[in-house]
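Novice: this one's sequence-less:
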């Protein structure tokens, strides 16, 4: 008489995935309403702007002249524009 051994199957991957806190079985994930948050602060959001190369070059030159980052210069210029009420 032959002894038949049952081959071990693959681990239950479905159960492992379902147990994850961010799995679909855990319910839908809540996404932030404002979009991506910046890493350096709670009160900032990340946006994406496409600029012509000529404008970006001028912007970078002005930021370097003022010893500022590009992001800081853009923020400053937008705030100045909005304060003027234009």
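Specialist: Sure, I can see it. Because the structure is a prediction, the values reported are computed rather than measured.

Novice: Name the residues that touch the helix or strand in which residue 58 is found?
Specialist: Assigned by DSSP states H and E, residue 58 falls within helix 53-65. The list of residues contacting helix 53-65 from outside it, by Cβ atoms under 8 Å, 6 or more residues apart in numbering, reads 51, 69-70, 72-74. All C-beta atoms are positioned from the backbone trio N, CA, C, and that covers glycine.

Novice: 10 Å instead?
Specialist: Helix 53-65 is contacted by residues 49-52, 68-74, 76-77 when judged by Cβ atoms under 10 Å, 6 or more residues apart in numbering.

Novice: Point out where this structure drops to low pLDDT.
Specialist: In the predicted model of the chain, residues 1, 6-13, 22-42, 86 satisfy pLDDT under 70.

Novice: can you do 90?
Specialist: Scanning the chain for pLDDT under 90 picks out the ranges 1-49, 85-86.

Novice: Tell me where it has helices.
Specialist: Here the chain has its helices, by DSSP state H, at 13-18, 53-65, 70-83.

Novice: Can you lay out these as TSV showing mean neighbour count?
Specialist: Putting those into TSV (neighbours: other Cβ atoms under 10 Å) gives the following:
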stretch	mean neighbour count
helix 13-18	10
helix 53-65	11
helix 70-83	12
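
Novice: can you put the ones you listed in CSV and add distance to residue 5?
Specialist: Converted to CSV, the helices of the chain look like this (distance: least, Cβ to Cβ, whole Å):
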stretch, distance to residue 5
helix 13-18, 23
helix 53-65, 68
helix 70-83, 64
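
Novice: With respect to residue 43, which of those lies nearest?
Specialist: helix 70-83 (12.1 Å; Cβ to Cβ).

Novice: Residues touching the closest one, excluding its own?
Specialist: For helix 70-83, contacts defined as Cβ under 10 Å, 6+ apart pick out 38, 44, 46-47, 49, 51, 56, 59-60, 62-66, 68-69, 86.

Novice: re the thing from before, from the contacts of helix 53-65, which single one is nearest residue 2?
Specialist: For the contacts of helix 53-65, the closest approach to residue 2 (Cβ to Cβ) belongs to residue 50, at 70.8 Å.

Novice: For residue 56, see how far away that closest one is.
Specialist: Shown here: residue 50 relative to residue 56, a distance of 10 Å by Cβ to Cβ, to the nearest Å.
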